[in-house]
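Peer 1: Please work out how this folds:
(2 chains)
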Amino acid sequence: MDWGQILDTAAGELLSPVTAAYALAAIGIGVHFGYAGLLNFGQAGFMAIGAYGFVVPTLLFDFPVWAAFLTSIAASVLFAFLLGIPTLRLRADYLAIVTIASAEIVRYVVSTTGLTDVTGGAAGLSGFNGSFTALNPFADGIYGFGPWTFTANQLWIRVVGWSLVAIASVLVYLLMRSPWGRVVKGIREDEDAVRSLGKNVYAYKMQALVLGGVFGSLAGVIYVLPRAVQPANYGTTLTFFIWTMLLLGGAATIWGPIVGAMIFATLLTLSDGILRGLISADIITFISGTQAGQIRFMIIGAVLMLLVIFRPQGIFGNKKELSFNV
Amino acid sequence: MRIIGFVLGTTIAALILALSVGLAPASAESTPSPSPSPSGDFTSTFTIGGLIRDGDTPLEGVEVRVEGEGFDEIGVTGPDGRWVVPVPVQGVYTATLLPDTLPEGVAPRDPDNITRDVNLSTTNTVNVLFPTGEGTVAQNNIAQTILTRFIYGLNFGLLLALGAIGISLIYGTTKLNNFAHGEMVTFGAVIFFLFGTSLGIPLIPAIAITLVLSAFTGYAQDAWLHRPLRKRGVGLVQAMIVTIGLSILVRYVFLFFLGGNIETLDTGLTQNVNIGPATITLASLVSMGISIVMLGLVGLFLTRTRVGKATRAVSDNASLAAASGINVDRIIRIVWILAATLTGLSGILYGIFRQVNWNMGFQILLLLFAAVTLGGLGSAFGALVGSLIIGIVTEVSTVWIPNDLRYAVALLILILVLLVRPQGVLGRKERVG
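Peer 2: Numbering: from 1, shown residues only, chains lettered A, B, ... in the order given. Below you'll find the model as predicted:
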């Protein structure tokens, strides 16, 4: 087996657009859960809304890239309001069930055969990346070094993706040091105390939900830009994986979601490479390559359990800043 | 222990019921697994049917053979000339008219074209036309269609209820949303498939083994996971995320051993039964009976037995229950075992009703949550009402909206109910904000 190849692929995954999308989505849940204490289990729904909000106007109405980004953001804001109005007054576990249900509704709607003309049905949509690629300022050629060698287009999507991650992180950092952030964190700690200070808890929660949702929708755009939209990707499992990344890094931290996403994506690729390498080298003979892929997900499940039990604050987190109280 | 007596008692009751309606033992050979095309859609009864007439005269007793997806069944036209074959899964089938069964003097108009490919992929029902004379496809009237869907929905709702009551009991006593509950459904179906169909153990011992193992998973989850977590003082949201991790872990263990195949459970009960306009298999009818009996027994358990009353007391107020001498940990243990057993049974029935695959439980998990929330979180009777609502709504809604959106309708109703009545249909009015 080729260790160099395996390590190269895993290291390349560190900066891949998918990792950037994961990080951005995790920052979104970080705002919801880590800072505001909202249990959003529908981040996959926000990502789907973002992706389709970008792709459908591009394909149907030839929207330019900036307008498609705007429709994507607008759609996620609307979705956040729809989710928040019925549930933000209710207990946290109700929000969890409603968000997970809404995300599934989104997935059913975009994959229904009745809307194939608009959403592509279960097959999804492709061929929308032309206008984005056309904006590429980098000249053709090969950039970077080692495992991080990209063509101009690969570099362009990575620059955009990670810039968005950086902007989101800085925004969250500044917001959480502002008076607004202190109120939001106060809501996480004790909603009634904040309410008794005359703050409109409902409005603050709604603002946090919208902000995290917008990050989710941008993540959805970055997620699909290098490839096609596939409705099957936006299942509940995606949400759970993003939660794992967030909890791995630390929920109420700036670096947590980014590092969590990087570790998650890299380890996933690395373990896959190693297992498949061992199988092709006939060192492991009792499982097939497909089964090797499934072992990784078992490990994710086990890691999620152990993490939440033994280190709920994650790698960077502060144990005092935990939002695990309903 | 009382609970073991209870579990055994309910098991025996289910078995006696199964016996009394004449459940034949499963045949010993293992069924070949049908085409591994996972349609991911297990919530409706799919039928292929049609109408065979000579001119305006319906032809009775004509046979049509439907084959495909590892399935082979002959449908016979009734006095109205209509034949219906319920099939287990969406897919591509062939329907062949058996010309020998046509009455004297009637022949297929196109003798070379008596075998049709039927692609059952986006709808529940496909009508196949074999022209003999002036044959046309008659549409059911709307009331009949709704009634048919209602009966299918009732069937589905009763299956959901067994699993939903498990969620509700666990939530009621521990306030834990158990995301690994779907895997408990799958577990029942997979174990029953393993013993009943793969190993060829007769039906009743296979059910007994499945229920005992399911009960053990309930014991294990409480004894080895959730009780230690409670002792550590791990919060409810943390415990909920732990169940998410467990759900992912167990689901991929199923996939690892089962592969992506869709397996059929063999019970030998494939005869069709007509209820009004609806045609369902005998196995579905028996499942409905078992569900009703089990739900009744749970109701009696909760209202008439000491343990059941203690369970309701713990649901009401655990501290108060503990103060009045109830061993709360013991009640929670009993509830886990009971819930796991019921859920395992629902897995068996659901596997018979549809088919078995690695994430069948996860696919209905949200419907189970929706049912429990609709009925009122923590109310066992509410879970029954919620399940029936969800089951009937998902099925009846297909009369007006596309089939692939019917889960979405159920989940939408959940959200709307939360807007108007957050405590659920039967939940007690209390502050949930």
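
Peer 1: what about the strands in chain A?
Peer 2: A:142-145, A:148-151 (DSSP state E).

Peer 1: Could you dump those strands into JSON lines and include distance to chain B, mean neighbour count and mean pLDDT?
Peer 2: All C-beta atoms are positioned from the backbone trio N, CA, C, and that covers glycine. Below are the strands of chain A laid out as JSON lines (distance: least, Cβ to the nearest Cβ, whole Å; neighbours: other Cβ atoms under 10 Å in any protein chain shown; pLDDT from 0 to 100):
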{"stretch": "strand A:142-145", "distance to chain B": "34", "mean neighbour count": "12", "mean pLDDT": "84"}
{"stretch": "strand A:148-151", "distance to chain B": "31", "mean neighbour count": "16", "mean pLDDT": "86"}
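
Peer 1: low-confidence ranges in chain B?
Peer 2: Within chain B, the segments meeting pLDDT under 70 span B:1-45, B:55-56, B:69-70, B:104-105, B:107-113, B:121-125, B:131-140, B:378, B:427-433.

Peer 1: What ranges does it have for its helices?
Peer 2: In chain B, the segments counted as helices under DSSP state H are B:2-20, B:142-174, B:181-192, B:203-220, B:227-232, B:236-258, B:282-304, B:306-316, B:318-323, B:328-353, B:360-375, B:380-396, B:406-420.

Peer 1: And the fifth one, what does it pack against?
Peer 2: Pointing back at helix B:227-232 there. Where contact means 3 or more Cβ pairs under 8 Å, 6 or more residues apart in numbering or on different chains; DSSP states H and E, helix B:227-232 is packed against helix B:236-258, helix B:328-353.

Peer 1: So which of those helices is nearest chain A?
Peer 2: helix B:236-258 (3.1 Å; Cβ to the nearest Cβ).

Peer 1: re earlier: as CSV, the strands of chain A with distance to B:Phe257 would be great.
Peer 2: Formatted as CSV, the strands of chain A follow (distance: least, Cβ to Cβ, whole Å):
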stretch, distance to B:Phe257
strand A:142-145, 42
strand A:148-151, 39
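
Peer 1: winner for burial among the helices and strands packed on helix B:227-232?
Peer 2: helix B:328-353 (a mean of 26; mean count of other Cβ atoms under 10 Å in any protein chain shown).

Peer 1: angle of that helix against helix B:203-220?
Peer 2: Interaxial angle, helix B:328-353 versus helix B:203-220 (axes from the mean of the first three to the mean of the last three Cα atoms, to 10 degrees): 140 degrees.

Peer 1: and for stretch B:144-156, what are the contacting residues?
Peer 2: Stretch B:144-156 has contacts (Cβ atoms under 8 Å, 6 or more residues apart in numbering or on different chains) with B:43-45, B:140, B:275-278, B:280, B:284, B:287-288, B:353, B:388, B:391-396, B:398-399.

Peer 1: list the buried ones in that stretch?
Peer 2: B:Thr145, B:Ile146, B:Leu147, B:Thr148, B:Arg149, B:Phe150, B:Ile151, B:Tyr152, B:Gly153, B:Leu154, B:Asn155, B:Phe156 (16 or more other Cβ atoms under 10 Å in any protein chain shown).

Peer 1: Chain A: which of those is nearest?
Peer 2: Nearest to chain A among those, with distances taken as Cβ to the nearest Cβ, is B:Phe156, at 17.0 Å.

Peer 1: hang on, the earlier thing: intersect the contacts of stretch B:144-156 with the contacts of chain A.
Peer 2: Near chain A, judged by Cβ under 8 Å from any Cβ of the partner chain, there are no entries from the contacts of stretch B:144-156.

Peer 1: Just the buried ones from those residues, in PyMOL syntax?
Peer 2: In PyMOL syntax, the buried subset of the contacts of stretch B:144-156 is picked out as below (16+ other Cβ under 10 Å):
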select buried, chain B and resi 43+44+45+275+277+278+280+284+287+288+353+388+391+392+393+394+395+396+398
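
Peer 1: what about the nearest residue to A:Ser288 once chain neighbours are set aside, how many neighbours?
Peer 2: Excluding the flanking residues, the one nearest A:Ser288 by Cβ to Cβ, 6 or more residues apart in numbering or on different chains is A:Ile279, at 7.4 Å. Look at A:Ile279: counted by other Cβ atoms under 10 Å in any protein chain shown, it has 18 neighbours.

Peer 1: Enumerate every residue touching A:Ile279.
Peer 2: A:Thr285, A:Ile287, A:Ser288, A:Gly289, A:Ala292.

Peer 1: Tell me how far the second one lies from A:Pro147.
Peer 2: According to Cβ to Cβ, to the nearest Å, A:Ile287 stands 27 Å off from A:Pro147.

Peer 1: ditto for the last one
Peer 2: According to Cβ to Cβ, A:Ala292 and A:Pro147 sit 22 Å apart.

Peer 1: Report how many residues lie close to residue 171.
Peer 2: If you meant another chain, say so; for now it's chain A. Neighbour count of A:Leu171, defined by other Cβ under 10 Å: 14.

Peer 1: Chain B was what I was after
Peer 2: Neighbours of B:Tyr171 (other Cβ under 10 Å): 25.
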